[in-house]
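> using only what follows, build the 3D model:
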Amino acid sequence: MDAGICMRMNPEEEAKNQNSDVCMSDRLVPSRGTCRGVAQLKLQKDENWAPTNDYHEVLSQNVFGTESLSNVKVLSYKHKPQKQEAAAHKVLYSTNNDGNVTKPKPSVFRQVPQCAMKVLDAPGIVDDFYCHPIDWSARNVVSVVLGEVVFLFDTPSGRTEKLMSLPAGDVTSIRWTGEGVHLGVGTSTGEIQIWDAVAHRQVRRLQGHTGRIGALAWNDHMLSSGAADAEIHQHDVRVREHLVNRLSGAHSDLVCGLDYSSDGILASGGNDNSVCIWDRGMPTTPLHTLNEHSAAVKALRWCPWQRNVLATGGGSADRQVCLWNASNGRLLMSSDTQSQVTGILWGQQEREILTAHGYSRNQLSLWKYPSLVKAADIEGHSARLLGLAQSPDGSLVCSASADETLRFWPIFSPKASDTQRSLQRTAPASLVQTIR
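Numbering: from 1, shown residues only. Next up, the predicted model:
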């Protein structure tokens, strides 16, 4: 055939070639479609990233898509199959002509508030995913971190007072003891302070970490702390030599989530995307390491009524909420939340889970247990939610947000033993109050 002559295909063969999936690949990276923005987000492990303007938001949605980033690989070695169109199936059914069909019982109506019952102004709260800026004590006092200062808000009276202020650095994590008298305060310098909230004085100063404190958790007299040095320290606050155990090697990055079960089992979450379960006592290695998440795990909480059940939530590249059987490390259920998970709480009376979220909707989401079917979304904040705290009777939830507000939501029913006590609770005089 003459080299200067070009043969033209017939129309049917040409259309067939145009519709075929042609793989334009090189030897090392067969598909480069997911090796740009997604790879950068998944590799840099910075949960504080978010679009800063409308252009960035539209760009991120076009690059990342609206589905969970947990299904997106940094390097993709095959082309995804085309989505199958749902076939139109006819539904076959039968009717009972006798009229004896039992009607299903109507479901009980669940009223979910869409407006906060109280709003507090919190100027200067730091927009940091890895911080724990809020906690609610058993004495009905809410502690709030505003940069280097910790404030106390007495819920029944509405009174606000300053507890402490750091001369240098910021407060990164706070946690009340079980009786609600002492407050653990973690700092960006790696130091931990323990304050008597009633007497307004510092009672202990704990050192040992070489990086910022990422999380705190109490178990009676034992205080556990996680930090940027990827270690968990256990402090016995009753003795002079407080550091009684050091857990290292399980995490490889900042430990940003800690919580104790009622049995004394410790759960830890890190910026290395892993969750570790630690036995009571003085463990040296974790019982289980859970690697289902593909982003930082800050949000984790033990179920108050079901032993060994742990709820966890992942960051921006994961967006999953998971339920675990901590006794054997088995994943019970998971659900895609479509948003970064920043906090988790349980509703004991309703048997529900409440999650707080960051980009892109900054909402609260309510989930049924154990199915993890979404019951409702609660919106109101205009920026990333940074944490959640729950009242002693379990009925009220306080959400802290980067929009510099705290919002109180009457989401759950009071615990049975606290119902009568909750009737005597008095609300602040005004709707909006200033903490500082």
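
> elements contacting the strand or helix carrying S224?
Following DSSP states H and E, the helix or strand that holds S224 is strand 222-227. On a contact count with 3 or more Cβ pairs under 8 Å, 6 or more residues apart in numbering; DSSP states H and E, strand 222-227 meets strand 182-187, strand 192-196, strand 213-219, strand 232-236, strand 255-260, strand 266-270. Using the backbone N, CA and C atoms, a C-beta is placed for each residue, glycine as well.

> okay if I get those strands as TSV plus distance to Q114?
What follows is these, written out as TSV (distance: least, Cβ to Cβ, whole Å):
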stretch	distance to Q114
strand 182-187	32
strand 192-196	36
strand 213-219	31
strand 232-236	39
strand 255-260	29
strand 266-270	30
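
> mind putting the ones you listed into CSV with mean pLDDT?
Below are these laid out as CSV (pLDDT from 0 to 100):
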stretch, mean pLDDT
strand 182-187, 98
strand 192-196, 98
strand 213-219, 98
strand 232-236, 97
strand 255-260, 98
strand 266-270, 98
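
> let me have those in JSON lines, adding mean neighbour count as columns.
Converted to JSON lines, the helices and strands packed on strand 222-227 look like this (neighbours: other Cβ atoms under 10 Å):
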{"stretch": "strand 182-187", "mean neighbour count": "23"}
{"stretch": "strand 192-196", "mean neighbour count": "19"}
{"stretch": "strand 213-219", "mean neighbour count": "25"}
{"stretch": "strand 232-236", "mean neighbour count": "22"}
{"stretch": "strand 255-260", "mean neighbour count": "26"}
{"stretch": "strand 266-270", "mean neighbour count": "27"}
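
> now do the helices in the stretch 101-250 of the chain.
Counting by DSSP state H, counting those that start in this stretch, the stretch 101-250 of the chain has no helices at all.

> tell me which strands the strand holding S224 pairs with, and in which orientation.
strand 213-219 (antiparallel), strand 232-236 (antiparallel) (DSSP bridges).

> what's the angle from the longest one to strand 182-187?
Here strand 213-219 runs at an angle of 160 degrees relative to strand 182-187 (axes from the mean of the first three to the mean of the last three Cα atoms, to 10 degrees).

> begin at 32, not 1, for the rest of this chat.
Fine by me, first position is 32 from now on; the one you just mentioned is strand 244-250.

> give the contact list for N171.
Residues near N171 by Cβ atoms under 8 Å, 6 or more residues apart in numbering: D185, T186, P187, G211, S422, P423, R456.

> one more pass at 10 Å, please.
Contact analysis of N171 by Cβ atoms under 10 Å, 6 or more residues apart in numbering lists F184, D185, T186, P187, S188, G211, S422, P423, D424, L427, R452, R456.

> in this protein, where is pLDDT below threshold?
In the predicted model, the chain carries pLDDT under 70 at residues 32-76, 81-140, 448-467.

> if you set the cut-off to 90 instead, what comes out?
In the prediction, the chain carries residues with pLDDT under 90 at positions 32-142, 312-314, 390-392, 446-467.

> circling back: buried subset of the contacts of N171?
F184, T186, G211, S422, P423, D424, L427, R456 (16 or more other Cβ atoms under 10 Å).
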